[in-house]
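Peer 1: no sequence on this one, just coordinates:
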């Protein structure tokens, strides 16, 4: 019995060491260990906008075009392309040597089926279809896009970074019903998913794809050469911030994808650790517009008048150099679509004006359900600030605390409060889900959408359509400003602050200066 117990303990210790061994323990095979921002639940990046599934997509799939470090679309799987003079006919030719992980070549038919699946899901895809867009395979390597009217965002759409990227799947998978997530993974990206080593809640494993056809250009953002320096990449799931930081300090992992805000300054003080900005983010409040009182525009304006962005970003815990006390645009400050159009009435909180707008909305003290997430901590803190502001406004709040998974499930339910509905929640999005009238998840949502909160404003829909069709830069800028002016009246959502996410990594990693918003881990070396 004693021998059996000792053997059991030894086996358990060995298993634990395999799950979280020192990052240098397998240096001979260059294993890169990263703590992801969340656990992986869904494997289909055409089914969900969850960032962890998007990141999984970039590991195992590739795209026809990709955004470089300057934010410009560049050919990725495409070798060459051309557009007719009137921009209504586009022709694309694939590169040689492209293969899926099952050994089959990537063909134009695969691309057309994948793009048809993408256009059915994505906002830019919807707009492209509305412009009469039709995809057709010409031969094994060539396909076309035919439009009824010019569409100025063709390449931007094909290179879309997030929610939903236009990943290329095999035709047979792309044609599967889109009402449920795909579970089979057959990609043509830089890594192969090791399903046999996947431990949900603990570890996700990838190995270098030996058949990946890399571009010759240097890696830049999500574009260029994606040939991995590491033989193996492990996502080590450590939801507890203390455990993640301790693992990084002990060199059990190489990098934390998103540094917990409270640990940014302490980790900056560590001589062996590098902390770097990966992307700008916008936190925002969502008001359920399917039901009273926030189906009334005046009620939404009332809430906007009590928002003090400085309080929100301070509460989230980000250091002063990683947050903005005020950002006027819906489209991320410091980006090409930055504008303060329509923002002046809301630049400073005004409780008196807010209460007047609330009275004009007809609010009579009805219960308002606020969903308070217990995690992530920065959204918990931001929601507590929102609760205080809403209470000062005079709303009758019913605060219901829940974990993030429960909140994301509940927010999709379009039902009254007595059936489990809700009125308010807070979330955040990266700059690539914010920075234009089509990339911005909430401002891109036309009437009839399925987005939690169900915003609908026909004037915004018309202005968005005009902005898409505009070709001249001056006209596009003018329409963008008109669009935001209307957004500051209709409030599809309410921005509450801009901040910067950071990674934390051991300085022994090479090429950290090439790390980008979506973790392009193929650039990293040990």
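Peer 2: Arrived safely, thanks for sending. Only a predicted model underlies this, so the values are computations on that prediction, with no experimental measurement involved.

Peer 1: Going by C-alpha atoms from here, please, whenever you check contacts or count neighbours.
Peer 2: Fine.

Peer 1: OK, contacts around residue 494?
Peer 2: 284, 285, 286, 304 (C-alpha atoms under 8 Å, 6 or more residues apart in numbering).

Peer 1: Of these, keep whichever come out buried.
Peer 2: The neighbour-count test (16 or more other C-alpha atoms under 10 Å) marks 284, 285, 286, 304 as buried among the contacts of residue 494.

Peer 1: Could you export the contacts of residue 494 as a markdown table, including pLDDT?
Peer 2: Formatted as a markdown table, the contacts of residue 494 follow (pLDDT from 0 to 100):
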| residue | pLDDT |
| --- | --- |
| 284 | 98 |
| 285 | 98 |
| 286 | 98 |
| 304 | 98 |
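
Peer 1: Which ones among the residues you listed map onto helices?
Peer 2: Counted as lying in helices by DSSP state H, out of the contacts of residue 494, are residue 304.

Peer 1: Now render the contacts of residue 494 as CSV, adding distance to residue 393.
Peer 2: Shown next, in CSV, are the contacts of residue 494 (distance: C-alpha to C-alpha, whole Å):
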residue, distance to residue 393
284, 18
285, 15
286, 17
304, 11
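
Peer 1: Check the contacts of residue 494 against residue 325 and report the nearest one.
Peer 2: residue 284 (14.1 Å; C-alpha to C-alpha).

Peer 1: Setting the sequence-adjacent residues aside, check what's closest to residue 211.
Peer 2: When the adjacent residues along the chain are set aside, residue 211 lies closest to residue 99, with 6.8 Å between them (C-alpha to C-alpha, 6 or more residues apart in numbering).

Peer 1: May I have the beta-bridge partners of the one you found?
Peer 2: residue 105 (DSSP bridges).

Peer 1: Going forward, count from 64.
Peer 2: OK, 64 is where the count begins now, so the last one is residue 162.

Peer 1: And it, how close does it get to residue 351?
Peer 2: Distance, residue 162 to residue 351, by C-alpha to C-alpha, to the nearest Å: 45 Å.

Peer 1: And residue 234, by the same measure?
Peer 2: In terms of C-alpha to C-alpha, residue 234 sits 38 Å off from residue 351.

Peer 1: Show me where the stretch 264-413 of the chain has its helices.
Peer 2: 304-312, 327-331, 360-367, 372-378 (DSSP state H, counting those that start in this stretch).

Peer 1: now the stretch 64-213 of the chain
Peer 2: Under DSSP H, counting those that start in this stretch, the stretch 64-213 of the chain gives helices at 65-82, 114-123, 171-184, 186-193.

Peer 1: Same question for the stretch 414-563 of the chain.
Peer 2: Counting by DSSP H, counting those that start in this stretch, the stretch 414-563 of the chain has these helices, from start to end: 414-424, 440-456, 467-473, 521-532, 536-553.

Peer 1: residues near residue 258, how many?
Peer 2: Neighbour count for residue 258, taken as other C-alpha atoms under 10 Å: 12.

Peer 1: contacting residues around the residue lying closest to residue 258 once chain neighbours are set aside?
Peer 2: Distance criterion C-alpha to C-alpha, 6+ apart; nearest residue to residue 258, sequence neighbours excluded, is residue 268 at 7.6 Å. The contact partners of residue 268, taken as C-alpha under 8 Å, 6+ apart, are 256, 257, 258, 260, 261, 295, 296, 297, 298.

Peer 1: redo that, cut-off 6 Å
Peer 2: 257, 296, 297 (C-alpha atoms under 6 Å, 6 or more residues apart in numbering).

Peer 1: what separates the nearest residue to the second one once chain neighbours are set aside from residue 282, distance-wise?
Peer 2: What sits nearest to residue 296 in space, not counting adjacent residues and going by C-alpha to C-alpha, 6+ apart, is residue 95, at 4.7 Å. Residue 95 sits 18 Å away from residue 282 when distances are taken as C-alpha to C-alpha.

Peer 1: Who has more neighbours out of those two?
Peer 2: Using other C-alpha under 10 Å, the more surrounded residue of residue 95 and residue 282 is residue 95, with 26 against 20.

Peer 1: confidence score at that one?
Peer 2: Here the pLDDT value assigned to residue 95 is 98.

Peer 1: Is there a neighbour count for residue 359? I'd like the number.
Peer 2: 18.

Peer 1: The closest residue to it other than its chain neighbours and residue 456, how far apart?
Peer 2: Distance criterion C-alpha to C-alpha, 6+ apart; nearest residue to residue 359, sequence neighbours excluded, is residue 424 at 6.2 Å. As judged by C-alpha to C-alpha, residue 424 and residue 456 stand 13 Å apart.

Peer 1: Perfect, that will be all.
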